[in-house]
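[1] Got a predicted structure here, sequence first:
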Amino acid sequence: MCGIVGYVGNQQVVPVVIEGLRRLEYRGYDSAGIAVVNRDHEMQVRRASGKLRNLEEVIRENPISGEYGLGHTRWATHGRPTEENAHPHRSGDGRVVVVHNGIIENYLELKRDLQARGHVFKSETDTEVVAHLIQKHQQLDPQADLETAFRRSLNEVRGIYALVAMSADEPEKIVAARLGPPVVVGLGDGEYFVASDIPAILPHTRNIFFLGDGEIACLAKDGVRVTDLEGNEIKPQVQRITWDPIQAEKGGYKHFMLKEIYEQPRAVRDTTQSRISLDTGQVFLDEMKITEAEFRNFTDIKIAACGTAWHAALVAKYLIEELARLPVEVDYASEFRYRNPILTPTTLMMVISQSGETADTLAALREGKEKGCKTLAICNVQGAMMTREADGTIYTHAGPEIGVASTKAFTSQIVAAYLLAMYLAQVRGALNEEKLKWHAQHLSELPVKIEKLLNSDTDYEELSRAFVLSTDFLYLGRGINFPIALEGALKLKEISYIHAEGYAAGEMKHGPNALIDSRLPVVVINTLDPNDEKSRLRYEKTISNIQEVKARDGIVVAIVTEGDKDTREVASFTIQVPPSSELLSPVLSAIPLQLMAYHIAVRRGCDVDQPRNLAKSVTVE
């Protein structure tokens with residue numbers, strides 16, 4: 001949530017910051033602002049509620065210029081999404097500005113103390129107190145520079161934050177700190193950048209480092225210095241990002257979400273590449289601080305995740321238990337640490353997150369570490385906090401995902417979980433070489449099957465016309481496709497604002513049947529692997545569910561395997577997916593549900609890339 005961009009260098013700062021903020025629009029926001037110091041050492045601030053184009057209009061009417069500055073896109077937490085609550089926020093004398101992602105938990109206490117000292121506040125936000133704290137410490141110690149006053153202010157703050165500040169009295173200097181939400185620093189040639197995510201600075205540099213918790217960066221024209229909260233110098237770990245900036249552009253597609261749906265063959269291929277041998281079936285995981293012996297001796301796995309990643313975790317449970325015969329328990333990360341979970345040194349604590357910065361999921365990982373567990377992350381972002389804290393990471397090489405509603409990251413997470421399940425089966429002796437080779441072969445064929453699915457002649461426009469006025473949907477799935485029913489319902493809710501529920505198909509008789517009438521579309525996932533006895537049984541039972549819906553005049557949209565005849569006879573609409581093994585069917589079943597949600601949302605006039613009230617990376621609880 002929220003976007004931060006800061007710049008010190010020789011370019012005009014306004015275009016750099018505005019371009020960076022535009023690349024962070026996917027994170028979700030409801031107001032925007034920029035602060036620039038001009039050559040006369042005057043602080044110039046422009047802000048606007050709503051989208052970035054509103055801020056650009058304000059700047060067009062009242063121009064500003066300078067060579068260092070900050071910008072921010074805000075997702076409202078404290079105070080309404082208005083111009084006065086938009087960032088950057090100023091100190092009482094207007095000489096210091098601050099932008100912030102996160103929450104200052106003790107802001108009311110700090111605000112009352114500052115008001116008692118004569119400070120006057122102009123917003124409802126928690127962030128404004130930090131600007132006033134910096135001013136307070138400069139008044140208490142006139143010799144204190146911005147970095148010192150900033151550090152002293154942080155010692156009074158409780159909460160989580162990515163904070164960036166600058167002063168009109170200290171030319172070409174920006175300070176930044178992190179405790180929770182991400183802060184990335186970019187190193188250019190005589191210019192330096194700070195941002196809340198990599199895409200904002202990729203056009204300018206690929207040499208970056210992430211601040212760690214409790215670290216402060218001071219950016220100036222002559223370089224960057226990193227210290228801890230006590231002022232001790234720290235050597236940052238600089239890395240080179242291999243993403244092509246073009247990957248973060250729409251590439252001719254109408255929306256980022258559609259582009260990312262069509263990038264799934266490449267994302268799945270990149271996630272499996274060099275990790276699996278078709279000759280032996282062996283899986284090779286990235287280097288990690290979990291030994292083969294430890295993988296062999298785990299007695300159980302706990303997985304914590306949020307939203308779409310939680311659905312991927314549910315699929316992972318089916319995969320790991322089926323292939324490795326190891327018990328798995330899946331939790332919402334937001335609930336995990338509050339229920340006093342039973343964890344032992346032989347429990348593998350696993351987390352799944354696209355961004356690697358989700359606050360609840362990070363808290364679950366830390367809970368596992370505190371209780372002596374080995375920890376493993378499935379993540380899409382190099383250098384994210386989660387990847388640095390976990391004992392091991394399986395990266396999903398999906399590339400930057402801009403659309404708020406996850407698509408390619410989700411299917412890549414499932415593929416990463418499949419690789420982990422195979423690896424666990426391999427080291428624990430649960431599958432022999434022939435079985436491993438069989439799974440490796442099917443996994444290697446998956447990208448081609450996704451390409452075929454995306455190139456099919458399914459008429460999503462017809463489906464969107466049929467359901468654009470629907471107010472409710474029901475999604476049903478059995479076995480490993482039950483999580484896909486949940487994910488399909490979530491996608492529709494996220495981007496079209498239509499109420500939707502996902503259910504295990506066997507639960508129909510236990511309540512949902514009461515909802516069915518001639519106005520309710522019921523989406524049923526009923527793929528079939530004819531070589532799998534359990535799949536055949538689930539298929540037959542799901543046809544019975546479809547017949548129950550039709551008997552009550554319900555409308556059925558069925559996801560079926562190519563060549564299916566029995567389901568097609570009873571369904572109102574069918575979408576065919578290529579044949580696959582039962583365990584890989586979730587990846588193929590998810591894609592038509594993504595496309596159906598997308599086309600319905602577009603027909604309803606919704607902003608599919610930036611759904612209302614949602615953010616890409618939720619870095620607060």
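    On my side now, so go ahead. Keep in mind the model is a prediction, meaning the values are calculated, not measured. Numbers count the residues shown, from 1 in each chain.

[2] Can you give me the neighbour number for the closest residue to residue 472 other than its chain neighbours?
    Spatial nearest neighbour of residue 472, chain neighbours left out: residue 499 (4.9 Å); criterion: C-beta to C-beta, 6 or more residues apart in numbering. From N, CA and C alone the C-beta is placed, and that goes for glycine too. Using other C-beta atoms under 10 Å, residue 499 has 13 other residues around it.

[3] Helices along the stretch 101-250 of the chain, start to end?
    Applying DSSP state H, counting those that start in this stretch to the stretch 101-250 of the chain gives helices spanning 107-116, 128-140, 146-154.

[4] which helices and strands does the shortest one pack with?
    I take that to be helix 146-154. helix 128-140, strand 159-167, strand 173-179, strand 215-220 (3 or more C-beta pairs under 8 Å, 6 or more residues apart in numbering; DSSP states H and E).

[5] next one: the second one
    Contact here means 3+ C-beta pairs under 8 Å, 6+ apart; on that basis helix 128-140 packs against strand 89-90, strand 96-104, helix 107-116, helix 146-154, strand 159-167.

[6] Throw these into JSON lines and include mean neighbour count and mean pLDDT, thanks.
    Formatted as JSON lines, the helices and strands packed on helix 128-140 follow (neighbours: other C-beta atoms under 10 Å; pLDDT from 0 to 100):
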{"stretch": "strand 89-90", "mean neighbour count": "24", "mean pLDDT": "94"}
{"stretch": "strand 96-104", "mean neighbour count": "27", "mean pLDDT": "91"}
{"stretch": "helix 107-116", "mean neighbour count": "15", "mean pLDDT": "93"}
{"stretch": "helix 146-154", "mean neighbour count": "21", "mean pLDDT": "95"}
{"stretch": "strand 159-167", "mean neighbour count": "25", "mean pLDDT": "93"}
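
[7] Distance to residue 505 added to the helices of the stretch 101-250 of the chain, as TSV?
    Below are the helices of the stretch 101-250 of the chain laid out as TSV (distance: least, C-beta to C-beta, whole Å):
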stretch	distance to residue 505
helix 107-116	48
helix 128-140	51
helix 146-154	52
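
[8] Looking at those helices, which is nearest to residue 258?
    Nearest to residue 258 among the helices of the stretch 101-250 of the chain is helix 128-140 (39.0 Å), distances taken as C-beta to C-beta.

[9] Dump the helices and strands packed on helix 128-140 into JSON lines; add distance to residue 302 as well.
    Formatted as JSON lines, those follow (distance: least, C-beta to C-beta, whole Å):
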{"stretch": "strand 89-90", "distance to residue 302": "40"}
{"stretch": "strand 96-104", "distance to residue 302": "27"}
{"stretch": "helix 107-116", "distance to residue 302": "34"}
{"stretch": "helix 146-154", "distance to residue 302": "33"}
{"stretch": "strand 159-167", "distance to residue 302": "23"}
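
[10] Residue 524: which of the ones you listed is closest?
    strand 96-104 (40.8 Å).

[11] Which strands border that closest one, and is each parallel or antiparallel?
    Here strand 96-104 has these sheet partners by DSSP bridges: strand 89-90 (antiparallel), strand 159-167 (antiparallel).

[12] and that strand with helix 107-116, angle?
    Relative orientation of strand 96-104 and helix 107-116, computed by axes from the mean of the first three to the mean of the last three C-alpha atoms, to 10 degrees: 150 degrees.

[13] Export strand 96-104 to CSV, keeping only CA atoms.
    Presented in CSV, the C-alpha positions along strand 96-104 are these (Å, rounded to 0.1, in the frame of the first residue of the first chain):
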residue,chain,number,x,y,z
VAL,A,96,10.6,19.9,6.9
VAL,A,97,8.4,17.4,5.0
VAL,A,98,7.7,13.7,5.6
VAL,A,99,6.1,10.9,3.7
HIS,A,100,5.2,7.6,5.4
ASN,A,101,3.9,4.1,4.8
GLY,A,102,2.6,2.3,7.8
ILE,A,103,1.0,3.2,11.1
ILE,A,104,2.3,5.4,14.1
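
[14] Determine the angle, from 0 to 180 degrees, between that strand and helix 146-154.
    Using the same axes, to 10 degrees: strand 96-104 against helix 146-154 is 30 degrees.

[15] so strand 96-104 versus helix 128-140, what angle?
    130 degrees.

[16] Show me what the strand or helix carrying residue 14 is packed up against.
    Residue 14 belongs to helix 13-23 when assigned by DSSP states H and E. Helix 13-23 sits against strand 3-8, strand 31-37, helix 52-61, strand 68-74, strand 192-195, with contacts defined as 3+ C-beta pairs under 8 Å, 6+ apart.

[17] I'd assumed residue 541 was in a helix, is it?
    Yes - assessed by DSSP: H, G, I helix; E, B strand; the rest coil, residue 541 belongs to a helix.

[18] How about it, nearest residue that isn't a chain neighbour?
    residue 478 (6.7 Å).

[19] Over to residue 12?
    Nearest non-adjacent residue to residue 12, counting by C-beta to C-beta, 6+ apart: residue 65, 6.0 Å away.

[20] For stretch 341-349, the averaged confidence score.
    Taken as a whole, stretch 341-349 has a mean pLDDT of 94.

[21] mind saving the C-alpha coords of that stretch as PDB?
    Coordinates of each C-alpha in stretch 341-349 appear next as PDB, following Å, rounded to 0.1, in the frame of the first residue of the first chain:
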ATOM      1  CA  PRO A 341       0.000 -22.300  17.500                       C
ATOM      2  CA  ILE A 342       1.700 -25.500  18.400                       C
ATOM      3  CA  LEU A 343       5.200 -25.400  16.800                       C
ATOM      4  CA  THR A 344       8.200 -27.600  17.500                       C
ATOM      5  CA  PRO A 345      11.800 -27.700  16.200                       C
ATOM      6  CA  THR A 346      10.700 -30.400  13.700                       C
ATOM      7  CA  THR A 347       7.900 -28.100  12.200                       C
ATOM      8  CA  LEU A 348       8.700 -26.400   9.000                       C
ATOM      9  CA  MET A 349       7.200 -22.900   9.100                       C
END
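
[22] contacts for that stretch?
    For stretch 341-349, contacts defined as C-beta atoms under 8 Å, 6 or more residues apart in numbering pick out 290, 295, 297-302, 304, 331, 364-365, 367-369, 371-376.

[23] Likewise for stretch 42-60?
    When contacts are defined by C-beta under 8 Å, 6+ apart, stretch 42-60 is touched by residues 14, 18, 21-22, 25, 30-38, 62, 64, 66, 73, 81-83, 86-88, 90, 94-95, 97, 168.

[24] Surely the residue nearest to residue 472 is in contact with residue 474?
    No - checked against C-beta atoms under 8 Å, the pair residue 499 and residue 474 is beyond contact range at 10.0 Å.
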